[in-house]
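Chemist: need a structure here:
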Amino acid sequence: MNRPPNTAKAQAGVMLLEALIGILIFSLGILSLVALQATSIQLTSDAKYRTDASLLANRLIGQMWASGLAPDALETAFENGGDQYNAWLADVQGIDGLPGVVAASSGVVETLPIVDVIVTPDPPVADITPRADIAITMRWRTPQMPTSGTNSFHSHRVVSQIVRNP
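Modeler: Okay, here's the model as predicted:
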């Protein structure tokens, strides 16, 4: 005699399995949102540091313009170790800016801003006075980055040109 299968016994536990799979999918979605939020926070702080680096470099270029020094005098005054560079560095150390823009005495020398002033004494065009090509490289480490290694830092480079009118 053929009996129809008992559908209640065949379906036993299927609802529990469906509920567990639903909870698993929901949990994965929540974990993905948490990971996305953490990445978003990290990228926001990285963007803040890049903005700070740009502002600090532009501030130094502004001081170069305002100094009134001739292009050849900018080289000694504003390159690393120059009196104007040291004054700028002492001024920006009090600002809550880039981590690592600190005095050399603290041991974080490799993250100090690098300033290169290249004076072009013979301009290519006869009616232009001598100019100074400025290259500023800001380097910093975020708090999450390792403190050792030469390549374990972010950098931002700004290039400008200063020409004094005769």
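
Chemist: show me what the biggest helix by length in the chain is packed up against.
Modeler: For the chain, the longest helix by residue count, based on DSSP state H, is helix 14-67. Judged by 3 or more Cβ pairs under 8 Å, 6 or more residues apart in numbering; DSSP states H and E, the packing partners of helix 14-67 are helix 71-78, helix 83-93, strand 131-140, strand 154-163. (Each C-beta comes from the backbone N, C-alpha and C, glycine too.)

Chemist: could the ones you listed go into TSV alongside mean neighbour count, distance to G13 and mean pLDDT?
Modeler: Shown next, in TSV, are the helices and strands packed on helix 14-67 (neighbours: other Cβ atoms under 10 Å; distance: least, Cβ to Cβ, whole Å; pLDDT from 0 to 100):
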stretch	mean neighbour count	distance to G13	mean pLDDT
helix 71-78	19	77	82
helix 83-93	15	67	80
strand 131-140	20	57	80
strand 154-163	16	54	83
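
Chemist: residues contacting L20?
Modeler: Listed by Cβ atoms under 8 Å, 6 or more residues apart in numbering, L20 has no contact partners.

Chemist: ok, it to V158 distance?
Modeler: As defined by Cβ to Cβ, to the nearest Å, L20 lies at a distance of 56 Å from V158.

Chemist: do D133 as well
Modeler: Distance of D133 to V158, computed by Cβ to Cβ: 12 Å.

Chemist: same thing with G29?
Modeler: From G29 over to V158 the distance is 43 Å, taken as Cβ to Cβ.

Chemist: ok, G68 next?
Modeler: 21 Å.

Chemist: what of V115?
Modeler: Distance, V115 to V158, by Cβ to Cβ: 10 Å.

Chemist: shared neighbours of the two, which are they?
Modeler: Both V115 and V158 are in contact with 134-136, where contact means Cβ under 8 Å, 6+ apart.

Chemist: how about JSON lines for these, with distance to L55 added?
Modeler: Listed next are the shared contacts of V115 and V158 as JSON lines, based on distance: Cβ to Cβ, whole Å:
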{"residue": "I134", "distance to L55": "16"}
{"residue": "A135", "distance to L55": "17"}
{"residue": "I136", "distance to L55": "12"}
